[in-house]
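S.K.: sequence and predicted model, in that order:
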Amino acid sequence: MSDTAFSDLVLPPDGRQSETARAIQRGALRYLAARGLVGVPEFSLASGRRADIAALDLRGEVWVVEIKSSVTDFRTDRKWADYRAHCDRLFFAVGPDFPVEILPEDTGILVADAFGAGLVREAPLHALAGATRKALTLRFARAAAGRLMGLMDPEALRGVVL
């Protein structure tokens, strides 16, 4: 199967996100790709939390991007602090009208729309322990491969634990 055959495979929207959040997600994923990272949206962490985007660079550095579609979304959802244990860098991705000054100073900031994103602030590095990185990378690989397999043949994954 050629790489061009994969261009027809598209994940359906999961239905949990607002239109604004989907646009921010798309722009953030485009930004990550332009920087050489690959991302998995709605990535389940070992803690049971779900990161809006988990991404890997070529060296194996792990980024988590938390999407905030509104100030209310940011103020009512404090789960993001738990994501630090699962990444080397933690970012918020917000829309162009979001007041970025309310975001924590020890996180990175991407301002995104459906067409791309811009870096407002780089996230500080807080390196993962080797064993944590290995387990997270394996989880990432299985999630990404499982999603691709599911697109190609949804019945193939029955009973497979990702």
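M.R.: Looks like it arrived, so ask away. Numbers count the residues shown, from 1 in each chain.
S.K.: confirm for me that Ala21 is in contact with Ser69.
M.R.: Yes: in this structure, Ala21 is within contact of Ser69 by C-beta atoms under 8 Å, at 4.3 Å. For every residue, glycine as well, the C-beta is placed using N, CA and C.
S.K.: now do the strands in the protein.
M.R.: Taking DSSP state E as the criterion, the chain contains strands spanning 38-44, 50-56, 62-68, 89-94, 108-113, 116-121.
S.K.: in its sheet, what does the last one sit against?
M.R.: Partners of strand 116-121 in the sheet, by DSSP bridges, are strand 108-113 (antiparallel).
S.K.: what's the answer for the third one, then?
M.R.: Sheet partners assigned to strand 62-68 using DSSP bridges are listed as strand 50-56 (antiparallel), strand 89-94 (parallel).
S.K.: grab the nearest non-local neighbour of the residue positioned nearest the centre of the chain.
M.R.: Nearest to the geometric centre of the chain sits Ile53, at 0.8 Å (C-alpha atoms, centre = their mean). Closest residue to Ile53 apart from its sequence neighbours, by C-beta to C-beta, 6 or more residues apart in numbering: Val65 at 4.0 Å.
S.K.: who does that neighbour form a beta bridge with?
M.R.: Ile53, Phe91.
S.K.: that one and Glu42 touch, don't they?
M.R.: No: under the criterion of C-beta under 8 Å, Val65 is not in contact with Glu42, lying 11.5 Å apart.
S.K.: circling back: give me every residue that touches the residue nearest to the centre of the chain.
M.R.: Residues near Ile53 by C-beta atoms under 8 Å, 6 or more residues apart in numbering: 25, 28-29, 32, 39-41, 43, 63-65, 67, 93.
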